[in-house]
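1. Provided below for reference: sequence and predicted model.
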Amino acid sequence: MEARLKRLICEIPKPEYHCHLESFVSPEVFLRLAKKNNVDIPATTVEEVEEQYFAVDYEDLDKFLDVWLTAMSVLQTEEDYTEVVVECAKNAKMQNIIYREGMFTFQAAHGARGVALETVVNGFAKGREIAMEQHGVDIRFIAEIDRTSSSEDSVSFVHELAKFKDRLPIVAVGLDMAEIGFPASNHAEAYRIAKEYGFNRTAHAWEGGPEQIWDTIKGCDVQRIDHGSMAYEDEELVKYLVEHEMPMTICPDSDVSLGLHKWEKHPIRKLYDAGIKVTVNSDDPCFLPMNLIENYERITELFNFTEDEIITIARNGFVYNFSGNEYLGQFDEWVSNWKNN
């Protein structure tokens, strides 16, 4: 990669709106919180934590979720949830990410352990203040429904979530966890209620192919698709996504690390060339090999994305987000100065 293009990827102001906040538990933070909260883990050093939880061959989504959910057990207090948001901001600052929509998976990762939603919200709210004041990073939140939960439980979660709209900038409701055998349309009622409350709507559609993406669009009235890289297999779906300018949060390293694609056959170039509004994201940075900059670098090297194309992908993130459009002018001014240098 030429030096100018590499510098662009590092320095350009970036948005990101597919990253899971809980994944900003680094091995060091994980070990410290486990000791603080008396969580029994099979590790006593950072190196052992890395081996057990972070340097894992996940093989598939289910294996990843098993490890990830086990790691969540160290998060218990408001201070813990504040810390993951601050860690997210530090990570963002190092990569010139100025706006992030961070996902959190309350039902499966926290509520199931008895942690109150209020504890999580209060911790996140304090963390967001610190993120902006100390690091200049604007973090807003996407509350993920557990797609393996019942329709009744997901409806209850949305009603509970709405109570905290004034306390935390929850910009959308999403959908994650295990996918095969758990159609997004099971949660159509929760999404209908979320829309009535004024929440934006998105959902993971990762491993089920075009049929799963169609089910998500038709069943949940979503405004964007998280992951969705298998869309290229269905011409009608691609046409729909283009015509409706429905953005997709592509996570290349995640796709490869969890066994969905090989790097050399990743479809991001096909999706981009088809006219889909793709963005590049890191998904679960501490648990996966690559951060956001490294994801950009890898796709640029493999698929010959040009300077203008990288700028377009980054700009998509400021145009097709849920609440960060206010940064588009700042981004365009930066790009104008870059091109004039």
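-> That came in fine, so what should we check first? Residues are numbered from 1 along each chain as shown.

2. Can you list the low-confidence ranges for the stretch 151-300 of the chain?
-> Nowhere does the stretch 151-300 of the chain drop to pLDDT under 70.

3. switch to 90 and redo it
-> With pLDDT under 90 as the threshold, the stretch 151-300 of the chain has low-confidence stretches at 206-208, 285-286.

4. so where do the strands sit in it?
-> Using DSSP state E, counting those that start in this stretch, the strands found in the stretch 151-300 of the chain span residues 170-176, 200-205, 224-227, 248-250, 278-280.

5. Adding distance to Asp146 and mean neighbour count, write those out as CSV.
-> Bear in mind the C-beta positions are built from the backbone N, C-alpha and C, glycine included. As requested, these are exported to CSV (distance: least, C-beta to C-beta, whole Å; neighbours: other C-beta atoms under 10 Å):
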stretch, distance to Asp146, mean neighbour count
strand 170-176, 7, 24
strand 200-205, 11, 26
strand 224-227, 14, 25
strand 248-250, 19, 27
strand 278-280, 24, 26
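
6. just so I know, which of those lies nearest Lys126?
-> strand 170-176 (15.3 Å; C-beta to C-beta).

7. just the angle between the closest one and strand 200-205, please?
-> 20 degrees (axes from the mean of the first three to the mean of the last three C-alpha atoms, to 10 degrees).

8. Touching strand 170-176 from outside, list them.
-> 20, 101, 103, 105, 140-147, 158, 161, 164, 184, 187, 190-191, 194, 199-204, 216, 220, 223, 226, 322-323 (C-beta atoms under 8 Å, 6 or more residues apart in numbering).

9. How far off centre is it?
-> Computed by C-alpha atoms, centre = their mean, to the nearest Å, the chain-centroid distance of strand 170-176 equals 10 Å.

10. just stretch 318-334 next, same as before
-> A distance of 18 Å separates the centroid of the chain from that of stretch 318-334, by C-alpha atoms, centre = their mean.

11. In the longest helix seen in the chain, which residues are buried?
-> Assignment by DSSP state H gives helix 117-135 as the longest helix of the chain. Judged by neighbour count (16 or more other C-beta atoms under 10 Å), helix 117-135 contains these buried residues: 117, 119-128, 130-131, 135.
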